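Trainee: Below are the sequence and a predicted model; questions follow.
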Amino acid sequence: MISVSKALSIVEKYCFPLKSVTKNVADSYGYILAEDVISPLNMPPFRQSSMDGYAFIHSEENSFKVIAEIQTGISKNIEIKKGGAIRIFTGARVPDDADTVVMQEHVARTEDQIFIDKIPEKGSNVRPEGEQIKVGEVALEKGNFLNEAAVGFLAGLGIKNIEVYAKPKVGILITGNEIKKSGDTLAEGEIFDSNSLTLKLALKKLSIEEVEILFAKDILEETTICLKKLLENNDVVLISGGISVGDYDFVEEALKENGADQLFYKVNQKPGKPLWFGKKEEKMIFALPGNPAASLTCFYIYALPLLKAQMGFKTLQLPKLQAKSENDIKNNFAKTLFLKGNVENDIATEFSGQASSMLKSFAVSNALLIVPENVKIIKKGESVSYLKLD
Ligand SMILES: Nc1nc2c(c(=O)[nH]1)N[C@H]1C(S)=C(S)[C@@H](COP(=O)(O)OP(=O)(O)OC[C@H]3O[C@@H](n4cnc5c(N)ncnc54)[C@H](O)[C@@H]3O)O[C@H]1N2
Ligand code: MOO
C-alpha cells in the first residue's frame, strides 16, 4: 500500500494536455486555449461615442449649431467646422474632425441650437480606435479558460475558429449485481445507483459532457467486455466498485484481461483505500471503490487533476487551505483521512457520518479536512489543512 503523496506523484506523471483541436468560437465554451489568439481587428474598430449627446471640436465656446445626426452603424464621415456640433448616439462613429462628445444631460437644445452648461474636458466620451486591443496584439493567451466572457470577447473580434485542447471523453463503468438504475423497482438486497450520476455531474462541472456509461453485473466476462468497449471509445475510464478483494470483485482481473497496466493499487487513506490507477496505452483508468463517498473522494483527489491536465488547466488540485479546528480530530487509523466537513470564517468543523457509504454528509460539506497518516490528533484550535469544495 502506498501513501497519498506517492499516489499523487504517480498520477502527476500522467498529467499533460490532450492534443489540440480546432473549434468554432461559438462552440468553444469550457475549453482551454492551446495557442495565443491574435486580434484581427482594432477594438473598437473606429472612434466611438460612449454617450448619447453631441460631438464637437473642443473650445471654450458653449453654444453650437447642430448640423447633422449620426446613428450607430453609419460609416459616413461628416465634416464639422468650429461652432458646429453633431447629434450622436452611444456606439456611433465620431466624425474625424470632432474630438469631444458632451452628454445630452449637460445640453439645452432649441431647434438646431445647443447650449452646453458644463463643457467637458477635451477628448471626453470618445473611445479611441483600438483602445481595448489593436490589430496584431494578443487578444487572449494560450492557457486561458474560455468562459462566457472570453467566448463573447473573441466573437466580438470576429474570430471564427480557434485552437483549444481537446476535452477528454470519459467512460464510466458501474459494477455490481445489487445496483439498480434510478426508476427501477428495488428487490430485497438491491440498492439504487448513485455513483454514475455523481461522477457524471462532477464531470459536467468540468464541462466534460461526452460521457459513456455502462453497467455490468459482477461477472468477469461482462465486466471485461464493458471495459474493452469503454477503453476503445474514451480517453479516461472511471470504474465504480468491484475493486476490493471479495470473490465477486472482478475489476482487477477484467483490467488484466484488457491488457491494462497497473500504476498503483491501494492507497493508505480513508476513505478510498482500494483505489486502482493504471493505463492501457494512452488511455488512463481509475478503478474507484464502490462506496459512494470513497468514489467521489478519489475522484476529487486523483481523477480531477488528471482530467484538468488533459483539458489544459494549469491549476489541477482543488484549492488547499488552512483553518482552525473547532474540535479535536482523531486519527486512529494511521491513514490519511479525508473528512467531510465545513469551513466558515476559517473555522473547520468535522461532520458526523464519515463512513465511506454515506453521501449525506458530503452533500452538505464545503470542505474535505485532511489529517495526514502520521498525525494521531489535531487538537481543538490547531491548524488543519482542507480542500475547498464548491
Ligand atoms: N476484506 C476486505 N473487505 C473490504 C476491504 C478490505 O480491505 N478487505 N475494503 C473495504 C473498503 S475500504 C471499500 S471502500 C470497499 C470497496 O469495495 P469495492 O470497490 O469492491 O465496491 P463494492 O464492493 O462493489 O461496493 C461497495 C459498496 O458500495 C456500494 N455501491 C457500489 N456501487 C455503487 C453505486 N454505483 N451506487 C451506490 N452505491 C454503490 C455497494 O453496494 C457496497 O455497499 O470494500 C471494503 N471491503
Ligand atoms: O476505503 Mo473504504 O472507502 O473506507 O470504505
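Mentor: Alright, I've got the coordinates. Numbers count the residues shown, from 1 in each chain. Ligands and ions are numbered 1, 2, ... in the order given.
Trainee: which stretches of the stretch 1-150 of the chain form helices?
Mentor: 4-12, 148-156 (DSSP state H, counting those that start in this stretch).
Trainee: relative orientation of the helix or strand just after the last one and helix 148-156 in degrees?
Mentor: Proceeding N to C from helix 148-156, the next assigned helix or strand is strand 161-165, under DSSP states H and E. Taking axes from the mean of the first three to the mean of the last three CA atoms, to 10 degrees, one finds strand 161-165 and helix 148-156 inclined to each other by 150 degrees.
Trainee: Just give me the neighbour total for whichever residue of the stretch 51-200 of the chain sits closest to ligand 2.
Mentor: In the stretch 51-200 of the chain, no residue comes nearer to ligand 2 than Asn195, which is 12.3 Å away by CB to the nearest ligand atom. (Glycine included, C-beta is placed from N, CA and C.) The number of residues packed near Asn195 is 27, by other CB atoms under 10 Å.
Trainee: again with Ile78
Mentor: For Ile78, the count of nearby residues is 18 (other CB under 10 Å).
Trainee: show me what contacts it?
Mentor: 67-68, 70, 86, 95 (CB atoms under 8 Å, 6 or more residues apart in numbering).
Trainee: who's in contact with the nearest residue to the residue of the stretch 51-200 of the chain closest to ligand 2 once chain neighbours are set aside?
Mentor: In space, Asn195 comes closest to Ser240 once its chain neighbours are excluded; the distance is 4.2 Å by CB to CB, 6 or more residues apart in numbering. Neighbour list for Ser240: 172-176, 195-196, 199, 288, 290, 295 [criterion: CB under 8 Å, 6+ apart].
Trainee: And Lys82, what's its pLDDT?
Mentor: Listed pLDDT for Lys82 reads 89.
Trainee: repeat for the one 4 residues further on
Mentor: Predicted confidence (pLDDT) at Ile86: the value is 97.
Trainee: Leaving out sequence neighbours, find the closest residue to it.
Mentor: The shortest distance from Ile86 to any non-neighbouring residue, by CB to CB, 6+ apart, is to Ala55 (4.5 Å).
Trainee: Please name the bridge partners of that neighbour.
Mentor: Beta-bridge partners of Ala55, counted by DSSP bridges, are Ile86, Val101.
Trainee: Excluding chain neighbours, what is closest to Val267?
Mentor: Once flanking residues are discounted, Val267 sits nearest to Ala7: 4.6 Å by CB to CB, 6+ apart.
Trainee: The residue in the stretch 251-390 of the chain that ligand 1 sits nearest to: how many residues sit nearby?
Mentor: Nearest to ligand 1, among the residues of the stretch 251-390 of the chain, is Gly290, at 2.6 Å (CB to the nearest ligand atom). Gly290 sits with 24 neighbouring residues when counted by other CB under 10 Å.
Trainee: Assign it to helix, strand or coil.
Mentor: Here Gly290 is coil, with the state taken from DSSP: H, G, I helix; E, B strand; the rest coil.
Trainee: hang on, it packs against Thr175?
Mentor: Yes: counting by CB atoms under 8 Å, Gly290 does reach Thr175; the two are 7.2 Å apart.
Trainee: any shared contact partners between these two?
Mentor: Residues touching both Gly290 and Thr175 (CB under 8 Å, 6+ apart): 240-242.
Trainee: what sits against Asn291?
Mentor: 271, 355-357.
Trainee: what does the longest helix along the chain rub up against?
Mentor: As assigned by DSSP state H, the longest helix anywhere in the chain is helix 220-233. Helix 220-233 is contacted from outside by 169, 171-173, 175, 212, 214-217, 237, 239, 242, 250-251, 253-255, 257-258, 260, 280, 283, 285, using CB under 8 Å, 6+ apart.
Trainee: Take those residues and keep only those in strands.
Mentor: 171-173, 175, 212, 214-216, 237, 239, 280, 283, 285 (DSSP state E).
Trainee: Buried among the residues you listed? Need that as a selection in ChimeraX.
Mentor: To isolate the buried ones among the ones in strands among the contacts of helix 220-233 in ChimeraX, judged by 16 or more other CB atoms under 10 Å, type:
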select :171,172,173,175,214,215,216,237,239,280,283,285
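Trainee: Which one of the ones in strands among the contacts of helix 220-233 is nearest to Asp36?
Mentor: Using CB to CB, Lys283 comes nearest to Asp36 of the ones in strands among the contacts of helix 220-233, at 30.2 Å.
Trainee: What's the local residue count around the closest residue to that closest one other than its chain neighbours?
Mentor: If the residues on either side of it in the chain are set aside, Lys283 comes closest to Leu231, at 5.3 Å by CB to CB, 6+ apart. A count of nearby residues for Leu231, using other CB under 10 Å, gives 22.
Trainee: before we move on, what about the one 3 residues further on?
Mentor: Residues within reach of Asn234, counting by other CB under 10 Å, total 20.
Trainee: go on, Asn233?
Mentor: Neighbours of Asn233 under the rule other CB under 10 Å: 15.
Trainee: now swap in Gln262 and tell me
Mentor: 14.
Trainee: Just confirm it is within a helix.
Mentor: No: counting by three-state DSSP, Gln262 is located in no helix; its state is strand.
Trainee: please begin residue numbering at 30 from this point
Mentor: Sure, I'll start counting at 30 from here, so that last one is Gln291.
Trainee: Which neighbouring elements make contact with the helix or strand Ala323 falls within?
Mentor: For Ala323, the host element (DSSP H and E) is helix 321-327. In terms of contacts (3 or more CB pairs under 8 Å, 6 or more residues apart in numbering; DSSP states H and E), helix 321-327 is packed against helix 224-234, strand 312-317, helix 389-392.
Trainee: Would you point to the one among those that's packed deepest?
Mentor: strand 312-317 (a mean of 26; mean count of other CB atoms under 10 Å).
Trainee: Pull up the residues of this protein that are close to ligand 2.
Mentor: Residues of the chain found near ligand 2 (CB under 6 Å from any ligand atom) are 299-302, 318, 320, 323, 385.
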